[in-house]
Every structure is written in structure tokens, then in C-alpha cells.
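Participant: what's the 3D shape of this:
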Amino acid sequence: MLKTDLNTLLSFQEDLTEIEIENFVNDLDKTVQEQSYEAAFQKAMDKIREYPTCDRLIYSAILYLEGALALYNVSSGERYQEVYETFYRRLAASEIPEIRDTATSMLISYARNRGDFAKAEELINALPFSAIDKEEQLGILYQRQERYQDAEKIWEHRVIKGVAELQRDLINMLEIALQEKREKDAEFLADLQESLNRQFYFPEWMCYNAHLQLALVKKDKDESLSILQKMLPSMKKEWKIQRSPLYRNADGNDSTWLSGRLAKTFADEIANNEEYAFLREGSELEELLAQLEAL
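Facilitator: So this is what the prediction gives:
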């Protein structure tokens, strides 16, 4: 598949450094923006052929390309995902735990999404179990050593990760409540999800997710448009996580561009997806999207 001969596979060429990999992934993103997704895909495949034994390169490049499929509304994404699944199978045997675990998680997701539930359960049951939380143990150790900044970075990361997991859990519970026609429970869960986002200083637009889902299920046009009128412009607002005392050690990457890109992707989905068809009756949605474009 990679058009790589045995001499290349068995070569002793040094792996790329983390900085080199990070720069390459940034270059892939620039290629998607300035040329096309296909061009970035081919560039990634060429680089992987050059360094076929570098798990970190493969891991970083494929994960970026996977995420960019949705972010850039790439058509015919299935053909790319067939290639990515092949890489995930290989990375699931990596000696690097982080890479191995993420690859296995992606394989579970792939199997689940295509309805192969038996395979997904098999992969889940094969996951190793450990009662020791390495990250927590390091945080406690650093704190005892008075390495406060190192410890605080760990606790900040765990807060972000924990809140993200709680959001996902609440959305899943909300979907079940909606499927079982428990509207009061769904409203309660949507309120809780909004409060969680605000309390833990997540991007403003995320606060509206659950309530929008409720309005869409009810086919409540007025409520849906009211939420979108707040949600879409907020996607373009600057959000710097370090402004909260909770995350003062977080990386200084500015997410404004990413949020703007999300706004465009979401606006395209609203304009074309069947789920939002009832909103396109009349001129209100068209006017709202025009206002967003002008921001």
C-alpha cells in the first residue's frame, strides 16, 4: 500500500524529532488551506514512505488528517478512512502506550460506526486494565517535591480532560432521554451541560450545544434560530484558555482561527444537512447566515 520496499522498511534512518513532526503537521494544515485535502494527504503519504518506521510521525499525521476530514467537510471521506484504518491497525501494536491506546480507540470507533459491534466489543474486552493512574501519581509526587508548576500542569490537564468527558457523558445521557421521550430529564441535562461549560471556562459556543439539540429534535424553529443567533457569532469570538486561573499553564495557542473555521463548517452543514431543512423555510436562516458571513 505504501509502495515501500524491504530495504526502506529495514533501514536505520533516524526518526524525526517531535519538533520536526509538529512542524510537518502544521505544514499539512497549511497545505489543506492553500491547496486541497488531497494534496495534504499525498504529502503525508510521501513523508510516511520516507520514515516508514516512525510511529510518532504516522500517529500525528493520520490523527490530523482524520480530524481535518470533518473540519473541512471533505467529500468522499470513506476512501481516506480505509487507509487510516490500516494505519491504526499497525499502530495498535506500537510499543508507545499513548499511540497504541489511541489507535485501538480509533479502531473501536470505526467498528462501531459501521455496525460491527462484535468486533468493537472484542477490541474493548482486549484493552489492558490498570488500577494505577500514572498521571495522578506523578502529580502527587511533583507536589510533594515542591515542583508546583509541573504538578499544576498535570492537574490542569486532568480538569480539562475530566470536563470534556463529563460533557460527552451528559450528551449521551441527553440522547437517551430524548429517545425515551423524557423531555424534563433532557432539559435538566441540557441545563447542566451549559452550566458545566460556563463554570469551567470552555468556549461560549459550546454552552448552546445541548439546547440546540433539544430544539432540533422538537422541530422548534423559533427556539432553534434563537440559539443559533447566539451560537454562531460566538464561534468567532477570541477564546484564550489561559485567561482563567484554572488553566494558567496551558499552551499559548490561539484558538480563534479554529473557532472561525468551525463556524464556517457548521454554517455549511446548516445550509445543506437534512436535519436543518425545517429551518430553511422562510428567510430567517438565510439572513442569519448572511450576518455571520459579515462578522
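
Participant: Need phi/psi at A263.
Facilitator: Phi and psi for A263, reported as degrees, to the nearest 10, are phi -60, psi -40.

Participant: Could I get the pLDDT score of the spatially closest residue to it that is not a sequence neighbour?
Facilitator: In space, and not counting its chain neighbours, A263 is closest to M235: 3.6 Å by Cβ to Cβ, 6 or more residues apart in numbering. Just so you know, the C-beta spots here come from the backbone N, C-alpha and C atoms, and that holds for glycine as well. Note on M235: pLDDT of 84.

Participant: just R248 next, same as before
Facilitator: So R248 comes in at 89 (pLDDT).

Participant: quick one: the spatially closest residue to it that is not a sequence neighbour from N249, how far?
Facilitator: Once flanking residues are discounted, R248 sits nearest to Q242: 5.8 Å by Cβ to Cβ, 6+ apart. From Q242 across to N249, the span is 8 Å (Cβ to Cβ, to the nearest Å).

Participant: do the same with E175
Facilitator: Here E175 is placed at a distance of 34 Å from N249 (Cβ to Cβ).

Participant: How about M106?
Facilitator: Distance, M106 to N249, by Cβ to Cβ: 29 Å.

Participant: Look at the two and report which has more neighbours.
Facilitator: More crowded of M106 and N249, by other Cβ atoms under 10 Å: M106, with 21 against 14.

Participant: Just give the closest residue to the more buried one, not the sequence neighbours.
Facilitator: Per Cβ to Cβ, 6+ apart, closest to M106 is Y88, 4.7 Å.

Participant: What score does the one you found have for pLDDT?
Facilitator: Per-residue pLDDT puts Y88 at 96.

Participant: circling back to that earlier point, ok, the residue nearest to R248 - how many residues close by?
Facilitator: Residues near Q242, counting by other Cβ under 10 Å, number 13.

Participant: Can you classify it by secondary structure?
Facilitator: With DSSP: H, G, I helix; E, B strand; the rest coil as the basis, the three-state label of Q242 is helix.

Participant: close enough to count as contact, it and Y201?
Facilitator: No - in this structure, Q242 is not within contact of Y201 by Cβ atoms under 8 Å, at 10.1 Å.

Participant: Mark out where each domain of the protein begins and ends.
Facilitator: The chain breaks down by automatic domain parsing into domains covering 6-125, 134-294.

Participant: how far is the longest one from where the chain is centred?
Facilitator: Distance, stretch centre to chain centre, for domain 134-294: 12 Å (Cα atoms, centre = their mean, to the nearest Å).

Participant: How about the first one?
Facilitator: On the basis of Cα atoms, centre = their mean, domain 6-125 sits 14 Å off its chain's mean C-alpha point.

Participant: going forward, begin numbering at 574 instead of 1
Facilitator: Yes, from this point I'll number from 574; that puts the last item at domain 579-698.

Participant: shaky segments in the chain?
Facilitator: Confidence mapping of the chain against pLDDT under 70 gives the ranges 574-587, 704, 824-833, 867-868.

Participant: Would you state the helices of it in chain order?
Facilitator: For the chain, the helices defined by DSSP state H occupy 579-582, 591-607, 610-623, 628-644, 650-664, 670-686, 690-698, 707-717, 721-752, 756-772, 782-790, 794-807, 829-845, 857-867.

Participant: And for the fourth one, what's in contact with it?
Facilitator: Going back to what we said before, that points to helix 628-644. Helix 628-644 is touched from outside by 588-589, 591, 594-595, 597-598, 601-602, 605, 610, 613-614, 617, 620-621, 624, 647, 650, 653-654, 657, 660-661, 663-664, 667-669, 672, 675-676, 679, 834-835, 838, with contacts defined as Cβ atoms under 8 Å, 6 or more residues apart in numbering.

Participant: Kindly format the C-alpha coordinates of it as PDB.
Facilitator: Listed next in PDB are the C-alpha coordinates belonging to helix 628-644 (Å, rounded to 0.1, in the frame of the first residue of the first chain):
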ATOM      1  CA  ASP A 628       5.300   5.600  14.700                       C
ATOM      2  CA  ARG A 629       5.100   9.200  16.100                       C
ATOM      3  CA  LEU A 630       5.000  10.600  12.600                       C
ATOM      4  CA  ILE A 631       2.400   8.200  11.400                       C
ATOM      5  CA  TYR A 632       0.300   8.800  14.500                       C
ATOM      6  CA  SER A 633       0.400  12.600  14.300                       C
ATOM      7  CA  ALA A 634      -0.100  12.800  10.600                       C
ATOM      8  CA  ILE A 635      -3.000  10.400  10.500                       C
ATOM      9  CA  LEU A 636      -4.800  11.800  13.500                       C
ATOM     10  CA  TYR A 637      -4.500  15.300  12.000                       C
ATOM     11  CA  LEU A 638      -5.900  14.100   8.600                       C
ATOM     12  CA  GLU A 639      -8.700  12.200  10.400                       C
ATOM     13  CA  GLY A 640      -9.800  15.400  12.200                       C
ATOM     14  CA  ALA A 641      -9.500  17.500   9.100                       C
ATOM     15  CA  LEU A 642     -12.000  15.300   7.300                       C
ATOM     16  CA  ALA A 643     -14.800  16.800   9.400                       C
ATOM     17  CA  LEU A 644     -13.300  20.200  10.000                       C
END
